[in-house]
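> 3D, please:
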Amino acid sequence: TLRTFINTHLGECWEEQGDHVEPVGLLARLEQYEEKPKSLARTAGVDVQKDRLEATIVDWDAGEEAWTMDHLIIPGDTAQPEVWASLAEELAHWAPDAVAVDSGYNTSMVYAWVENRRWAFAVKGRAGPGVPIVEDDKARRQRLRRQRKKGILVHLVGDDQAKALIYSRLKIAAPGPAYIHFPADPSFDDEYFAQLTAEKLVTKMRGTRPYAEWVQTRPRNEALDCWKYALAALRLAGIDLRARSAAVNAEKQAKPTAPAKPVRPVKQHTIGW
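Numbers count the residues shown, from 1 in each chain. Got it, this is the predicted structure:
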């Protein structure tokens, strides 16, 4: 009824309203990483397109405070091995703890690339409000046990919950737990943030029942997908940031401090006028 009123009576275009993040505001979050703490973990998310691979590198600190390190675009036919070799070289420079690669396109090439890399996961997004970001260990083991018989290991990623979590963290204003940092680097320009915020959560009606659905507002959203898979890689690897943070703090406390250097007394001089 509201759509009909706006189109017919007001003569205006109808636009679905929903929960979204303005990309312009994120440009103000660009910062120099001069005082960045040493990360507790590093992951990467890789999105596969026909003519390129895109990857986002993320460092994680306590409380899942995230430092976006780089966004890579590796051009090439993803049905050929050359572009995958280039991806391996780029990731070798960053040495991530875990990598999640989207297997929705050129699936066989993704399987071949992750096969001999224990820290790499082939993932596939699944839409739906009740799908978790990653399955719990018991459900994942049961499903993977069935897949191993077929030689396929694919980890499911809950698209809706991952996007909702990322968008909620993009709205956090002050650095701290769950905050997402972005570097002042040419890779993070207007187009990157437009892709990162390329979807919005709208309420639609199925009969008389409302339901929420993520709607893509522009053709390209690779930045959002890469960030989603980087988050999934952290969860799939089972990295306990709290335990790592406690171990680092314990190591700092156990490290002996250097004795203070003695201060030489200053000789007093008397000046006679």
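> What is the least confident helix or strand in this protein?
Least confident helix or strand, the chain: strand 18-19 with a mean of 56, by mean pLDDT, DSSP states H and E.
> Pull the distance from the helix or strand just after that one to the chain's centre.
Beyond strand 18-19 on the C-terminal side, the first helix or strand identified by DSSP states H and E is helix 23-26. Chain-centre distance of helix 23-26: 17 Å, with C-alpha atoms, centre = their mean, to the nearest Å.
> Show me what the next helix or strand after helix 23-26 is packed against.
Using DSSP H and E, the helix or strand that follows helix 23-26 towards the C-terminus is strand 30-31. Contacts defined by 3 or more C-beta pairs under 8 Å, 6 or more residues apart in numbering; DSSP states H and E place strand 30-31 against strand 180-183. For every residue, glycine as well, the C-beta is placed using N, CA and C.
> Restricting to C-alpha, output the strand it packs on in PDB.
In PDB, the C-alpha atoms belonging to strand 180-183 read as follows (Å, rounded to 0.1, in the frame of the first residue of the first chain):
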ATOM      1  CA  ILE A 180      37.200  -2.400  12.900                       C
ATOM      2  CA  HIS A 181      40.300  -0.300  11.900                       C
ATOM      3  CA  PHE A 182      41.100   0.700   8.300                       C
ATOM      4  CA  PRO A 183      44.500   1.900   7.100                       C
END
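> Neighbouring strands - and their directions - for that strand?
Strand 180-183 pairs in its sheet with strand 30-31 (parallel), strand 66-75 (parallel), by DSSP bridges.
> in the stretch 51-200 of the chain, which segments are predicted with low confidence?
139-140, 143-152 (pLDDT under 70).
> where exactly do the helices run in it?
Taking DSSP state H, counting those that start in this stretch, the helices of the stretch 51-200 of the chain run over residues 81-94, 107-114, 137-148, 159-170, 190-196.
> Which secondary structure state is assigned to E35?
State at E35, reduced to three classes by DSSP: H, G, I helix; E, B strand; the rest coil: coil.
> okay, now the closest residue to T56 other than its chain neighbours: neighbour count?
Nearest residue to T56, sequence neighbours excluded (C-beta to C-beta, 6 or more residues apart in numbering): C226, at 3.7 Å. C226 has 27 neighbours, counted by other C-beta atoms under 10 Å.
> secondary structure element for C226?
Assigned by DSSP H and E, C226 falls within helix 222-236.
> From D97, how far out is the residue nearest to L72 when sequence neighbours are not counted?
Closest residue to L72 apart from its sequence neighbours, by C-beta to C-beta, 6+ apart: A55 at 4.5 Å. The gap separating A55 from D97 is 14 Å, by C-beta to C-beta, to the nearest Å.
> same check, this time on A250
A250 is 20 Å from D97, by C-beta to C-beta.
> Of those two, give the one with the bigger neighbour count.
Legend: neighbour count by other C-beta under 10 Å for A250 and D97, higher for D97 (16 against 10).
> correct me, but that one touches A120?
No. The pair D97 / A120 is not scored as a contact, 10.9 Å apart, by C-beta atoms under 8 Å.
> Looking at the helices of the stretch 51-200 of the chain, which is nearest to G207?
Checking the helices of the stretch 51-200 of the chain against G207 by C-beta to C-beta gives helix 159-170 as the closest, at 20.7 Å.
> Residues in contact with that closest one: which ones?
For helix 159-170, the external contacting residues (C-beta atoms under 8 Å, 6 or more residues apart in numbering) are 19-21, 26, 66, 125-129, 131-133, 178-180, 196-197, 199, 201, 212, 214, 224, 227-228, 231-232.
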